[in-house]
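Engineer: Pasting the sequence and the predicted coordinates here, then a few questions.
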Amino acid sequence: MPTAMPRPMVAGNWKMNTTPAEAVQLAAAVRDGADGLAGVDIVLCPPYISLQGVADAVKGSAVKVGAQNMHFETSGAFTGEVSPTMLQGVCGYVILGHSERRQLFGETDDLVNRKVKAALEHGIKPILCVGETLEQRESGRALDIVAQQVRAGLAGVDDITGLVVAYEPVWAIGTGQAATPEVAAEIMGGALGDTLSSLFGPAAAEVPLLYGGSVNPGNVESYAAQDSIHGSLVGGASLQAEPFLEIARLTAQAKSGS
Ligand code: PEP
């Protein structure tokens, strides 16, 4: 059974939004608003082209930076791709296996697994995304799908130091149809947490588990109130500083009281 609670975390996935100038402006606003905000890690994940600008903007603050994807090779003939060695020194996190990558760009569990291993080997913290589709949920397979994605994504991994896992039901992403906290907690405390524990023993208790899918300032407290949810991966509501900061504040508050 888990014994320690991971540090709460709120990560913003900006997806393919913001010009480089807008990204720096948004990052600076988050940096200023986060000043003095303790008890939660804040991670900004802008498009590749803005990673350096955002990293410069938040330098010296507690705000951290992540990429939205990464290739598993370090260099070579992979047009359009970005490698772990390129990200090293620019950002500390990388989102891997997001459902948009899986659905729109054909990423398989095997590919996600290679990327997760490469990130861990290069000291970049992977935010591994898992989650079932509506069809999988309606056919009663949500728990199995999530457990399988966790096992496949982490196949061959021995040391999970730095790992973050985000449960993002595909039907809840960008739809406004957020999973109820109970549905999220059932998966995160069950299929997700149990699978991690069975694979990695006590080390699994150190892994922050984020819920993602239409999180906003109005619903975040209900997720943060769940013991098995340590924070959130936020899409739409991370594109403006104030709602995103409010999500971070409410998460820190809920977690400090638990
Ligand atoms: C996401 O893209 O990871 C996400 C959770 O998006 P949204 O918050 O917009 O549903």
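Structural biologist: Arrived safely, thanks for sending.

Engineer: Name the residues of the stretch 151-258 of the chain found near the ligand, please.
Structural biologist: Neighbours of the ligand within the stretch 151-258 of the chain, by C-beta under 6 Å from any ligand atom: E168, I173, G174, G212, G213, S214, V215, L233, V234, G235, G236, A237. In this view, the C-beta of every residue, glycine as well, is placed from N, C-alpha and C.

Engineer: how about the closest residue to the ligand within the stretch 151-258 of the chain, what does it touch?
Structural biologist: The ligand sits closest to G235 of the stretch 151-258 of the chain, with a gap of 2.1 Å, by C-beta to the nearest ligand atom. The contact partners of G235, taken as C-beta atoms under 8 Å, 6 or more residues apart in numbering, are G12, N13, K15, I173, G174, G212.

Engineer: Any of the residues of the stretch 151-258 of the chain next to the ligand buried? List them.
Structural biologist: E168, I173, G212, G213, S214, V215, L233, V234, G235, G236, A237 (16 or more other C-beta atoms under 10 Å).

Engineer: does the residue nearest the centre of the chain sit in a helix, a strand or a coil?
Structural biologist: In the chain, the C-alpha nearest the mean C-alpha coordinate belongs to I127, at 4.3 Å (C-alpha atoms, centre = their mean). Following DSSP: H, G, I helix; E, B strand; the rest coil, I127 is assigned to strand.

Engineer: quick one: contacts for it?
Structural biologist: I127 touches A11, V43, G66, Y93, V94, I95, L96, V164, V165, A166, L210, L233, counting by C-beta under 8 Å, 6+ apart.

Engineer: what helix or strand is L233 on?
Structural biologist: According to DSSP states H and E, L233 maps onto strand 231-234.

Engineer: Partner strands of that strand and their direction?
Structural biologist: Neighbouring strands of strand 231-234 in its sheet, by DSSP bridges, are strand 9-13 (parallel), strand 209-212 (parallel).

Engineer: Pipe those strands into CSV and attach mean pLDDT and distance to K117 per row.
Structural biologist: Below are these laid out as CSV (pLDDT from 0 to 100; distance: least, C-beta to C-beta, whole Å):
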stretch, mean pLDDT, distance to K117
strand 9-13, 98, 21
strand 209-212, 98, 20
